[in-house]
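In: Model the following, please.
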Amino acid sequence: MFLVVGFAVGQKTVRVGAFSFYPGIFMDDDGEVKGFYVDALNEISAKENIQFEYVFGTWNEGLERIRNGEVDLLTSVAFTKERAEYLDYSKEPMLTVWSEVYVSADSDIKGVLDLKGKMVAVMKSDHNGAHLKELTEKLSISCEFIEAVDSPFVFEMVTTGKADAGVVNNTFGAPNHRDFGLISTGIVFNPFDIFFAVKKGEDEQLLKVLDQYLRSWTHQPNSIYNTSRLRWSHGDVGTVEVFPKWLMQLIILSSIVVLILAVFVALLRYRVKKATQKVLKSESLFNSFMDHTPAYVYIKDKEQEIIYMNEMVDKISGLKPSTIGTSAKPVFEPKVAELINRYEKVLLNGDMSRVDLRYPCTIKNKRVWLHDFKFILNIPNEEPSIGGISFDISREKETEIELFDAKEKAEESDRLKSAFLANMSHEIRTPMNGILGFSELLKNPDITGEEQLEYIQVIERSGVRMLNIINDIVDISKIESGLMVLTIASVNINANIDDIYAFFKPEADAKKLVLKSCRSLKDNEAKIKIDGHKLDVILTNLIKNALKYTDEGQIEFGYELKGANLEFFVKDTGIGVKENRLNAIFERFIQAEIVDVSARQGAGLGLAICKAYVEMLEGEIWVESELGKGSNFYFTIPYSRA
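Out: Next up, the predicted model:
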């Protein structure tokens, strides 16, 4: 008997995360949790003054519950780096298990390559399914995975035809597959240990108790753990079917046929029979190898008709084995078909012994790239024929295209930034020259007071212009580097509209423009939670642009409540924007590369800053414009009342 001092004071209650995993742990029809894990824990409960309570759910729910502290212990936990961040494991494994793929009795899946194009059921957050996904990716086997809540549901999906195959570990699969009418494919992989586990740092003492019992049970064939496991699994505790039953039945049937034939076949034909069997076996091995080769293999005669093809060719051409020897040919696009036909004739004429082609084609309505090797086959006593092997290189082609696009984007970005810096240099030098030049003129003692005032005003305007440019550069730099943050506060947008109107009214009057503002909410409804500074920057930049590019007419700005959003607008009757530039004007560095006779002074960063701020406020911005008739800028923000 094992005695742990930490449990001696009073009875300890341990909540166990239970899930449907017969025969280890499951809920019986009477609503009671049973299984050989439960029998083993009951023995510990009787000896160590521990009360185990079971919280039943799915495996994924069990992982969530132990993370949230709703349960204290999980069984059958495979070790992963991700789980080790929030779980402590027992040192002694509960079992060593492996992953196994099961299918219906009439399935054509015999090996791992047969999973290509199939639907495979796996348990959500399960170690077995994760390793099968890794295995198929390494072998470039394309199949679709669907998740089930537990192992019984994996088998149910295969039984009902919702999946072509299902993967579970052998502890569940061995005693249960017959009840679901399933068989093992013999696809066995990923042996691994499963352990008890508790929440990280929560119950090291409980793990020590469990380790002591597991260590003892492992070396006792008649321990409660081992006998209960055999009893619940009816003696079938999981075996690897190295020699499948269907193969044994086939061998027995073939042996009977051979024995019957042997009675009627004369001794003189014994050698003929042996030779025939050898040829058939060689052909069978050849066909089996070719049909499982992940490539399109074919042979054509001198008339360019297919005389042999593996199963993969059917997928690319739509031809069936029954079409061999007929005039049917694979159907490609006309240009591709002409290319293939021309090079095959070159091979048959003896001008070349091998060609290496890469071309796009359509396979089952999907555009793919093929790498096609064609070569001359010189068969004894036969005229030369064409052998071919094709591989799907779509993934490599996509990678090549992505690398090319990335290179183009990098070069474009470098070019735009260079143009942007050149433009910034010009924009900063212009006001700087004004400041320095007119400062020099102020030194002249003979200038009049009126001239002095005029020079000072030029210096002030140049300083304001340079300050605006520097502010824009700082803001766009913060946005690009992710340092710009939101400062949410209660803001009365009606007051903001009034302040902006009052600020720009003198400038509009100076240009003899009509400036209008629109407010659609009452003052008590206009208080919202937002970063008021960024809202002011957006509206200010848009109105500045409108004033800059409008020489006559009016400018109207304001907002309307539309559903859950506030839609702001700035409308002008200015020069407008060309249709092909409507998207470009919001991009960073773009204005520097656009030659526009209507462009006026400025760094071209205002709209890029507006777009970034609107997106930070979880809104969107757009423009509607017609050249020579004006522009309407719109942006939205969520309406969140303070």
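In: Could you pull out the buried residues of stretch 45-57?
Out: For stretch 45-57, a neighbour-count test (16 or more other Cβ atoms under 10 Å) marks 45, 48, 50, 52, 54-57 as buried. (C-beta placed from N, C-alpha, C; glycine too.)
In: swap in stretch 174-192?
Out: Those would be 174-177, 180, 182-188, 190, 192, for stretch 174-192 by 16+ other Cβ under 10 Å.
In: Report the mean confidence score over it.
Out: Throughout stretch 174-192, pLDDT has a mean value of 84.
In: and if you look at stretch 625-638?
Out: Summarised as a single mean, pLDDT over stretch 625-638 is 92.
In: next one: that stretch to chain centre, how far?
Out: Computed by Cα atoms, centre = their mean, to the nearest Å, the chain-centroid distance of stretch 625-638 equals 36 Å.
In: Quick check: buried residues in that stretch?
Out: So, applying 16+ other Cβ under 10 Å, buried residues of stretch 625-638: 625, 630-637.
In: just stretch 556-565 next, same as before
Out: Applying a neighbour-count criterion of 16+ other Cβ under 10 Å, one finds 556-559, 565 buried in stretch 556-565.
In: which residues sit against that stretch?
Out: With Cβ atoms under 8 Å, 6 or more residues apart in numbering as the test, stretch 556-565 has contacts from 493, 497, 500, 515-521, 539, 542-543, 546, 566-572, 619, 636-639.
In: what about the stretch 201-350 of the chain, any weak spots by pLDDT?
Out: Counting by pLDDT under 70, the stretch 201-350 of the chain contains low-confidence ranges at 234-251, 264, 267-268, 270, 286, 289-290, 312-332.
In: show me where it has helices.
Out: 204-218, 224-232, 245-264, 270-291, 311-317, 334-348 (DSSP state H, counting those that start in this stretch).
In: likewise the stretch 451-600 of the chain?
Out: Counting by DSSP H, counting those that start in this stretch, the helices of the stretch 451-600 of the chain are 493-510, 532-548.
In: Mind listing what's buried along the shortest one?
Out: For helix 532-548, the neighbour count (16+ other Cβ under 10 Å) marks 532, 534-539, 541-548 as buried.
In: list the helices and strands the strand ranked longest in the chain packs on?
Out: If you go by DSSP state E, the chain has its longest strand at strand 182-199. Under the contact criterion of 3 or more Cβ pairs under 8 Å, 6 or more residues apart in numbering; DSSP states H and E, strand 182-199 touches helix 59-68, strand 73-78, strand 87-89, strand 95-104, helix 127-138, helix 151-159, strand 165-169, helix 204-218.
In: and that strand, which strands flank it?
Out: With DSSP bridges as the test, strand 182-199 is paired with strand 73-78 (antiparallel), strand 87-89 (antiparallel), strand 95-104 (antiparallel).
In: could you turn it into CSV, dropping everything but the C-alphas?
Out: The C-alpha trace of strand 182-199 is given here as CSV (Å, rounded to 0.1, in the frame of the first residue of the first chain):
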residue,chain,number,x,y,z
LEU,A,182,-14.7,-1.1,-39.9
ILE,A,183,-11.4,-2.6,-40.7
SER,A,184,-7.8,-1.5,-40.2
THR,A,185,-5.9,-0.4,-43.3
GLY,A,186,-2.6,-1.4,-41.8
ILE,A,187,-1.5,2.2,-41.9
VAL,A,188,0.2,2.4,-38.5
PHE,A,189,2.4,5.3,-37.4
ASN,A,190,3.5,7.6,-34.6
PRO,A,191,4.0,5.4,-31.5
PHE,A,192,3.8,7.6,-28.4
ASP,A,193,3.2,7.5,-24.7
ILE,A,194,0.1,8.8,-22.9
PHE,A,195,0.1,10.2,-19.4
PHE,A,196,-1.9,11.5,-16.5
ALA,A,197,-1.8,15.3,-16.5
VAL,A,198,-2.8,18.1,-14.0
LYS,A,199,-2.8,21.9,-14.4
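In: follow-up on the earlier one: closest one to Lys274 among the helices of the stretch 451-600 of the chain?
Out: Nearest to Lys274, of all the helices of the stretch 451-600 of the chain, is helix 532-548, at 89.1 Å by Cβ to Cβ.
In: Please write out the alpha-carbon positions of that closest one in CSV.
Out: Taking C-alpha atoms only, helix 532-548 is exported to CSV below (Å, rounded to 0.1, in the frame of the first residue of the first chain):
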residue,chain,number,x,y,z
GLY,A,532,-11.0,63.4,-30.7
HIS,A,533,-7.6,64.5,-31.9
LYS,A,534,-7.5,62.0,-34.7
LEU,A,535,-11.1,62.9,-35.8
ASP,A,536,-10.0,66.6,-36.0
VAL,A,537,-6.9,65.7,-38.0
ILE,A,538,-9.0,63.7,-40.5
LEU,A,539,-11.6,66.5,-41.0
THR,A,540,-8.9,69.2,-41.0
ASN,A,541,-6.8,67.5,-43.7
LEU,A,542,-9.9,66.8,-45.9
ILE,A,543,-11.1,70.4,-45.6
LYS,A,544,-7.6,71.8,-46.2
ASN,A,545,-7.5,69.7,-49.5
ALA,A,546,-10.9,71.0,-50.5
LEU,A,547,-9.8,74.6,-49.9
LYS,A,548,-6.6,74.1,-51.8
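In: you'd agree Phe165 is up against Ala121?
Out: Heads up, residue 165 is Ala, not Phe. Yes: shown here, Ala165 and Ala121 form a contact pair, counting by Cβ atoms under 8 Å, at 7.2 Å.
In: Give the intersection of the neighbour lists for these two.
Out: Common neighbours of Ala165 and Ala121, using Cβ under 8 Å, 6+ apart, are Val158.
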